[in-house]
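Engineer: compute the structure for the input listed below.
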Amino acid sequence: MDTIKDMHLTNDNSSRKGSRNSCYRETYRPQFHYSPEKNWMNDPNGLVYFEGEYHLFYQHTPHDTRPDFGNMHWGHAVSKDLVHWTELPPAIPPGEDGAIFSGSAVVDKNNTSGFFDEEGSGLVAIYTNEGNKAQPGKPQVQSIAYSKDKGRTWTKYEGNPVLFPTDTLDFRDPKVIWHDESSMWIMVLAVRDHVEFYTSPNLKEWSFASDFGSDIPHIHRGIFECPDVIRIQVDDDPNTTKWILMLSIGDRNGVNPDDPEPPAGGSGMMYFIGNFDGKSFTPDETLESIDTIKWVDYGSDFYAAVTWNGISNEDGRKIWIGWMNNWRYATTLPSKEWRGKTSIPRELQLRTYPEGLRLIQTPINELSQLRKPILSLQDLTIKPGMNVLSDISAAKAEIIAEFEIGTAVEFGFKVRKSANQETIIGYNISNEELFVDRTKSSATDFHSDFTAKHKAPIKPEHGRVQLSIYVDWSSVEVFGNHGKTIISDMIFPDLESKGLELYAIGGELRLVSLQINDLVSIWGNETV
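Structural biologist: Purely as a prediction, here's the structure:
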């Protein structure tokens, strides 16, 4: 058996406070998003809540700011509140069994695996071994490890691998959940151009159940990765539920050039609403055309998001987090000490609209503890040429606003603004489009595809448009109409670019309400 122990860091916020104050001030370092202290990270992995802690594992190259896929680890951080994070040593390192690719973790509360003996329950990680040699020509297999001490040390199962592919090289990113009705573990797995479902009574022995997506050609716009499947209430009604299947789509890099890309190009995420019976997923819609695809996010930089397992029924929320990056330019970002970060955690809901059910994403309530009010306005007429925010500057902020449509043809905010830099978050009234324009946002010369304006369809509701905007040192996340439409984009402005503008073009509109808050740094950098 292979046991991995934490030896050089401790789960003690105070022990690293000085380190964080000195090293979490670097250029572009996010101040209220998680990022590792140094080097590379990508997909969130193994999200699980256990005994008062939220665990965030992630793809991590601890020795380089670029991904070393042959030596990929599971990085590890824990939090009591999903906001403040303590980084721990890498949890599961590569070995003779191969690199440690993406996967999930579960609380085996009934000890179905038999790993926990008298302890009764513990954590089991399910992950892809890349470069495994157990069967020739099948380098990607599924393996498991277990922890008896709240995720601090991990023992790889001596019977690994627990699942082999049949005939594909792409067989990865297992998401595992417990299915109450069948009393079985369910694994959904990305298998190149489709996903496969497997069942198990004990996390060790897996049986094929079904597949999804291979017969829907217009969704094949890049290799599938990081699937997730959750059951969720409809309109907060505990008696009405649906299942959502989420898929991440890798950058196609010229493959199938006739297929449209995700909305912002490169990598992206789609979702399907339907039913799951413990073996197969059946979508509600026939999915006969590209128009039926539902996109999770219309920006460039929200990918590989997965939900937390283990959140109690008393809490009841479905919460996920994504990697804020895009495979089109991920390895060329201008940050030096670190490369990669997460989105803010988001609560998921399913709402009924005239056009049907839609996934809603809203920032978690726990972020409110970071708020320091800057400005509050109500019931103002906004005219072209005026800027009621001319005296406000902010390198990071939460902006919550509601507008009533008037005669203006466009309105919005310009954030991280200076004489030669700005990021525009606006709404085009005639096109009914929300957009983020980062063409003048910042350092953009590291990749030709970074300079872009990203658009998303969104209709006014009762003549109004609501925006919740989260601006950090190197990102903006825009939630339109209470989380119905999302645009998430990285930006890399100078820290001195702190100006803020509320603008209108072509006419007037009514500002119903506006609240601007600073969000205190989660790393203790409260003076910047």
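Engineer: could you use CA atoms for every contact and neighbour count after this?
Structural biologist: OK.
Engineer: what comes up buried for stretch 448-459?
Structural biologist: F450, T451, A452, K453, H454, K455, A456, I458, K459 (16 or more other CA atoms under 10 Å).
Engineer: what about the nearest residue to the second one once chain neighbours are set aside, neighbour count?
Structural biologist: Going back to what we said before, that points to T451. Using CA to CA, 6 or more residues apart in numbering and skipping residues adjacent in sequence, the residue nearest T451 is T439, 4.7 Å away. Per other CA atoms under 10 Å, the neighbour tally for T439 reads 18.
Engineer: got a pLDDT number for T439?
Structural biologist: The confidence metric pLDDT takes the value 96 at T439.
Engineer: so can I have TSV of the buried residues of stretch 448-459 showing secondary structure, distance to P139 and pLDDT?
Structural biologist: Listed next are those as TSV, based on DSSP: H, G, I helix; E, B strand; the rest coil; distance: CA to CA, whole Å; pLDDT from 0 to 100:
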residue	secondary structure	distance to P139	pLDDT
F450	coil	33	95
T451	coil	37	94
A452	coil	37	95
K453	strand	39	97
H454	strand	37	98
K455	strand	39	98
A456	strand	39	98
I458	coil	43	97
K459	coil	47	97
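Engineer: give me the phi and psi angles of the residue nearest to the spatial centre of the chain.
Structural biologist: The chain has G322 as the residue nearest its centroid, 1.1 Å off, counting by CA atoms, centre = their mean. Per-residue torsions, G322: phi -120, psi 170 (degrees, to the nearest 10).
Engineer: go ahead and confirm R510 touches F403.
Structural biologist: Yes. Contact criterion CA atoms under 8 Å: R510 and F403 qualify, at 5.8 Å.
Engineer: and L511, that one's in a strand?
Structural biologist: Yes. Remark: L511 belongs to a strand, assigned using DSSP: H, G, I helix; E, B strand; the rest coil.
Engineer: what about it, how many residues close to it?
Structural biologist: The number of residues packed near L511 is 20, by other CA under 10 Å.
Engineer: what sits against it?
Structural biologist: Applying CA atoms under 8 Å, 6 or more residues apart in numbering, we find L511 in contact with Q378, D379, L380, T381, I382, A401, E402, F403, E404.
Engineer: what about the protein, any weak spots by pLDDT?
Structural biologist: 1-22, 119, 252-260, 526-528 (pLDDT under 70).
Engineer: swap the cut-off to 50 and go again
Structural biologist: 1, 3, 5-21 (pLDDT under 50).
Engineer: quick one, helices of it?
Structural biologist: Here the chain has its helices, by DSSP state H, at 17-23.
Engineer: how is it divided into domains?
Structural biologist: Using automatic domain parsing, the domain parsing of the chain gives 2-328, 368-519.
Engineer: I491 versus the residue nearest to T451, what's the distance?
Structural biologist: From T439 across to I491, the span is 10 Å (CA to CA, to the nearest Å).
Engineer: need the overlap of contacts for the two.
Structural biologist: T423.
Engineer: who does the nearest residue to L500 once chain neighbours are set aside bridge with?
Structural biologist: Excluding its sequence neighbours, the residue lying closest to L500 (CA to CA, 6+ apart) is V415, at 4.9 Å. In this entry, V415 is beta-bridged to T423, by DSSP bridges.
Engineer: tell me the contacts of the residue nearest to T451?
Structural biologist: T423, T451, A452, K453.
Engineer: list the residues that contact the third one.
Structural biologist: It refers to A452. D437, R438, T439.
Engineer: residue contacts, the residue nearest to L500?
Structural biologist: E422, T423, I424, I425, V471, K498, G499, L500, E501.
Engineer: now flag whichever of those residues is closest to P217.
Structural biologist: I425 (34.0 Å; CA to CA).
Engineer: separation between the closest one and A456?
Structural biologist: Counting by CA to CA - I425 and A456 are separated by 11 Å.
Engineer: what is in contact with these two at once?
Structural biologist: The contact sets of I425 and A456 overlap at L434, F435 (CA under 8 Å, 6+ apart).
Engineer: report the buried residues of stretch 338-358.
Structural biologist: Going by neighbour count (16+ other CA under 10 Å), the buried part of stretch 338-358 is 338-350, 358.
Engineer: now that stretch, how far from the chain's geometric center?
Structural biologist: 9 Å (CA atoms, centre = their mean, to the nearest Å).
Engineer: what's the first-to-last distance across it?
Structural biologist: Stretch 338-358: ends 35 Å apart by CA to CA.
Engineer: do I have it right that the residue nearest to the centre of the chain meets Y303?
Structural biologist: Yes. G322 is in contact with Y303 according to CA under 8 Å; the separation is 5.4 Å.
Engineer: what do the two both touch?
Structural biologist: In terms of CA under 8 Å, 6+ apart, G322 and Y303 are both contacted by the residues D43.
Engineer: tell me where the stretch 101-250 of the chain has strands.
Structural biologist: With strands called from DSSP state E, counting those that start in this stretch, the stretch 101-250 of the chain shows them at 123-130, 140-147, 154-156, 172-179, 184-191, 194-200, 207-212, 224-234, 237-249.
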